[in-house]
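**Student:** Structure, please.
(one chain, ligands or ions: 2)
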Amino acid sequence: MLRDDAMKGMAVVITGGGTGLGRAMAEQCLRLGARVCITSRKAEALERAAGEMAALGEVITMPCDVRDAEQVDRLRDAVLERFGRVDALVNNAAGNFISPTERLSSKAFQTIIDIVLMGTVNCTLAFGKHWIAQGERDRVILNVVTTYAWTGSGYVVPSACAKAGVLAMTRSLAAEWGRYGIRSNAVAPGPFPTKGAWSRLMPGELMEQFDMRKRVPLGRLGEHQELADLVTFLLSPYSAYINGEVVTIDGGEWLKGAGQFNLLEQIEPGMWDAIEAMVRGAKGS
Ligand code: HXC
Ligand code: NAP
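**Tutor:** Residues are numbered from 1 along each chain as shown. Ligands and ions are numbered 1, 2, ... in the order given. A predicted model of the protein is given here:
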């Protein structure tokens with residue numbers, strides 16, 4: 001989508017960058033000329049992913065649990081030592097699982113809040129404070145939320161609460177840190193198949209039972225490259241005036257669920273003559 005060197009000279013940190021959507025984002029950043037640090041808890045998985053991506057460009061790995069602010073500070077220092085700069089932070093790491101809320105322990109709820117909300121807070125503070133202290137401008141924070149950050153959703157309530165918090169922080173810091181030349185934006189993906197998400201949200205036969213494609217007006221799931229293109233645009237200087245925005249990339253999924261009359265798509269087209277006659281007949285009643 002962007003020209004080959006659109007991110008040349010940039011150094012990007014992507015949490016959860018060794019798997020799923022984070023990995024697709026990392027690969028596209030490399031293709032566009034950026035240097036990339038992928039980070040998550042599992043050092044081996046990161047090494048494997050980095051080895052497979054190495055042909056695309058300079059990628060380094062740093063194990064870090066984003067729940068632990070001290071580990072995140074060490075991550076920042078180590079990346080700065082290796083790259084000499086960090087231009088963009090992608091808060092992509094997440095934890096999630098489906099469960100009726102009444103089955104959750106306080107610890108279960110806390111676990112998700114810690115990864116998604118506090119992990120994003122820890123990384124944002126670590127890099128944001130550094131950029132502000134050094135007077136470094138043209139920096140970008142990109143947060144990965146989802147559409148239930150504003151609609152809410154049953155059965156993933158800790159995640160919905162955490163993502164809503166991340167979205168509030170995205171918008172808040174767009175206003176507060178814009179003066180420092182730091183942009184804060186978010187993307188809200190709909191259903192994009194990944195092993196991490198699907199194994200926890202659509203396990204076993206649930207995938208066939210609840211075909212996610214039927215929820216999407218475009219009738220299909222998202223492709224990783226489509227999200228990676230959007231993310232790299234939002235990280236690149238081409239989006240330099242976009243600040244505080246959340247860009248939805250869900251094929252129209254959440255609006256289909258929201259519009260009261262969208263369920264009328266179930267009506268056979270041949271029925272509409274009779275329905276129109278009934279509606280017109282109601283005139284004056
Ligand atoms: C109820 C559960 C549970 C479940 C865990 N717990 N799984 N409770 N139902 N299915 C409880 C545990 O019993 C424990 O509470 C507490 O949660 C912590 O569990 P641990 O296993 O000790 O946590 P941890 O090892 O830190 O693992 C975190 C995790 C795990 C979130 C549970 O799944 C993980 O590491 N996930 C990372 C990757 C991931 O989730 N990716 C998907 C992102 S998809 P007690 O009280 O018993 O001690 C996504 C999509 C969003 O975000 C939008 C989709 C459209
Ligand atoms: P994924 O592959 O499971 O990605 C989650 C990543 O987060 C993993 O790499 C995991 O690596 C890392 N992680 C988890 N806990 C961590 C911690 N405490 N510290 C550091 N890293 C941690 O799932 P995905 O589908 O690609 O999800 C990526 C992002 O997209 C998430 O923010 C998710 O909410 C969002 N999203 C996904 C979808 C979808 O349909 N797939 C839809 C909407 C939004 P380790 O286990 O090695 O730590």
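
**Student:** Any regions of this protein where pLDDT drops low?
**Tutor:** Within the chain, the segments meeting pLDDT under 70 span 285.

**Student:** in the longest helix along it, what's buried?
**Tutor:** In the chain, assigned by DSSP state H, the helix with the most residues is helix 157-177. Buried positions in helix 157-177, judged by neighbour count with 16 or more other Cβ atoms under 10 Å: 157-167, 169-171, 173-174, 177. Every C-beta, even on glycine, is put in place using the N, C-alpha and C of the backbone.

**Student:** go on, stretch 138-154?
**Tutor:** 139-149, 153.

**Student:** quick one, what contacts T147?
**Tutor:** 188, 190, 248, 250, 253-254 (Cβ atoms under 8 Å, 6 or more residues apart in numbering).

**Student:** and the residue lying closest to it once chain neighbours are set aside, how far is that from ligand 1?
**Tutor:** Using Cβ to Cβ, 6 or more residues apart in numbering and skipping residues adjacent in sequence, the residue nearest T147 is W254, 3.9 Å away. Applying Cβ to the nearest ligand atom, to the nearest Å, the value for W254 to ligand 1 is 10 Å.

**Student:** G20 now?
**Tutor:** From G20 across to ligand 1, the span is 7 Å (Cβ to the nearest ligand atom).

**Student:** Name the nearest residue to whichever residue of the chain sits closest to ligand 2, sequence neighbours excluded.
**Tutor:** Closest approach between the chain and ligand 2, counting by Cβ to the nearest ligand atom: G196, at 1.8 Å. Once flanking residues are discounted, G196 sits nearest to G20: 4.9 Å by Cβ to Cβ, 6+ apart.

**Student:** Count the residues that sit near the one you found.
**Tutor:** 19 (other Cβ atoms under 10 Å).

**Student:** Wait, it touches W198, no?
**Tutor:** No: at 9.4 Å, G20 does not count as touching W198 under the criterion of Cβ atoms under 8 Å.

**Student:** quick revisit: pretty sure the residue of the chain closest to ligand 2 is in a helix, no?
**Tutor:** Yes: assessed with DSSP: H, G, I helix; E, B strand; the rest coil, G196 lies in a helix.

**Student:** Please verify my assumption that it contacts T19.
**Tutor:** Yes: using Cβ under 8 Å, G196 makes contact with T19 at a distance of 5.6 Å.

**Student:** Between these two, which is the more surrounded one?
**Tutor:** For G196 versus T19, neighbours defined as other Cβ under 10 Å are more numerous around T19 (21 against 15).
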